[in-house]
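>>> Test case, fold it:
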Amino acid sequence: MAERILARDGNWVLHLARLQQVVSLRSSTSALTILTVALALSAAPAWADGGNGTGVSAGQGGVDGALAGATGQNVPNGATAGGGGGGIDLTTGNGAPGGSGSGSTTANNPNGIAGATGATGLVISTDGTIATSISGGAGASGSPGTNGVVRSGGGGGGGVGVSATADVTVTGTGSVLGGTGGRGGNGGNSGSGGGGVGIFSSANVVVEAGGSVTGGTSLLTIGVQAGGGGGAAAIVLTSGGTVQNSGNLLGGTGGRTILGGGGDGGAGVLLLSGGTVINGTGATIIGGAGGQAGTAGDGGSGIKGANIAVINAGTITGGAVGAGGGTPLAGKAIQFTGGVNSLEIQAG
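The predicted model follows:
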């Protein structure tokens, strides 16, 4: 028999059945421990955002969502500070570009041009199988800065690994990797672009034993005050559907920087409009680690969404915090963000 935990808007009710073996999100445990874990699930960091720049009037990191808000902010004219790191464009699965930063000799100059977004690794419009390695393209570096003339541009976002409108199966020999976000251009404090999602799908995704999907990360910034790009989710479902995992899913690591804010880690699975995640025996779903930085990035959730059902017989864990300063938050194994949700824990 399995055990089901139901939740509505953070109010939890535990329904017990007769259990042959009680298991937690990782291993055997007691029902009380499961309830304690469940009650902790509702509080977690938001999305996999880009890191903030540092300095007076610094650019803020992009907030995952539509492209305009996911793009790292530019530093306003007259300020000397770091541009924000790019988040993730949740309309395409690509990373968003970083914001233009400035040094003392470019504070009053125009913003540079952001680097180009990386190419999509593979588009699937009819049911398909992936048995090889597929990667999204890397984002390009931003345009270089010139003293007294122009600021550097933010780094371009990494490309989505697989963009799918039909069912996808990743076999035991297959792997998918989201593209890496690019650096800001030379000669400035411009933010890095966010990483690309591994699989961005409006249908169902199956990952067989031995298969893997990993969200994209972001390159270390050139400017020490710039914000790091956000790590991307391994899998994003946009319209419900089911992720059936027997392999390994890993959210992207947040981008690193020296003094600015590190990017947040990406989720293992992010569900934007409900859906189901089935994590089989021996399978893993892990949130990405936060980026190392002056203000370190938060870890990503293992699974995140509202109105979702999770059935687990494997391992689900949140991502670790990034190394550095600040008070970053570790990712939760599962983050229910609203609605009516269920967690069924099976013997693994």
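
>>> Would it be right to say that Phe200 lies in a strand?
Yes. The assignment for Phe200 by DSSP: H, G, I helix; E, B strand; the rest coil puts it in a strand.

>>> In contact with it, which residues?
Neighbour list for Phe200: 92-93, 160, 162-164, 236, 238 [criterion: C-beta atoms under 8 Å, 6 or more residues apart in numbering]. C-beta: built from backbone N, CA, C; applies to glycine.

>>> repeat that for 7 Å
Contacts for Phe200 (C-beta atoms under 7 Å, 6 or more residues apart in numbering) come out as 93, 160, 163, 236.

>>> and those as TSV, adding pLDDT, neighbour count and distance to Thr126?
Formatted as TSV, those follow (pLDDT from 0 to 100; neighbours: other C-beta atoms under 10 Å; distance: C-beta to C-beta, whole Å):
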residue	pLDDT	neighbour count	distance to Thr126
Gly93	99	32	19
Val160	99	36	18
Ser163	99	23	13
Val236	99	29	20
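
>>> Sitting in strands, which of those do you find?
Counting by DSSP state E, those place 163, 236 in strands.

>>> Next, Thr276: phi, psi?
Main-chain dihedrals, Thr276, degrees, to the nearest 10: phi -130, psi 140.

>>> surely it meets Thr242?
Yes. Between Thr276 and Thr242 there is a contact at 4.5 Å, judged by C-beta atoms under 7 Å.

>>> Now name the helix or strand holding the residue positioned nearest the centre of the chain.
Centroid check for the chain by C-alpha atoms, centre = their mean gives Gly266 as the closest residue, at 2.0 Å. Assigned by DSSP states H and E, Gly266 belongs to no helix or strand.

>>> For Gly174, grab the count of nearby residues.
For Gly174, the count of nearby residues is 21 (other C-beta atoms under 10 Å).

>>> switch to numbering from 31
In the new numbering, first residue 31, that becomes Gly204.

>>> So what's the residue count around the closest residue to it other than its chain neighbours?
Nearest residue to Gly204, sequence neighbours excluded (C-beta to C-beta, 6 or more residues apart in numbering): Ile160, at 4.1 Å. Residues within reach of Ile160, counting by other C-beta under 10 Å, total 24.

>>> contacting residues around Ile160?
Residues near Ile160 by C-beta under 7 Å, 6+ apart: 198, 200-201, 204, 206.

>>> again with Leu249
The contact partners of Leu249, by C-beta under 7 Å, 6+ apart, come to 185, 210-213, 222, 285.

>>> again, 6 Å this time
By C-beta atoms under 6 Å, 6 or more residues apart in numbering, the contact list for Leu249 reads 213, 222.

>>> hey, where'd the strands end up in the stretch 131-280 of the chain?
Here the stretch 131-280 of the chain has its strands, by DSSP state E, counting those that start in this stretch, at 152-154, 158-160, 163-165, 192-194, 198-200, 205-207, 229-231, 235-237, 242-244, 265-267, 272-275, 278-280.

>>> Format the ones you listed as TSV; extra columns: distance to Thr176.
Formatted as TSV, these follow (distance: least, C-beta to C-beta, whole Å):
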stretch	distance to Thr176
strand 152-154	38
strand 158-160	44
strand 163-165	33
strand 192-194	36
strand 198-200	45
strand 205-207	35
strand 229-231	37
strand 235-237	45
strand 242-244	37
strand 265-267	38
strand 272-275	47
strand 278-280	39
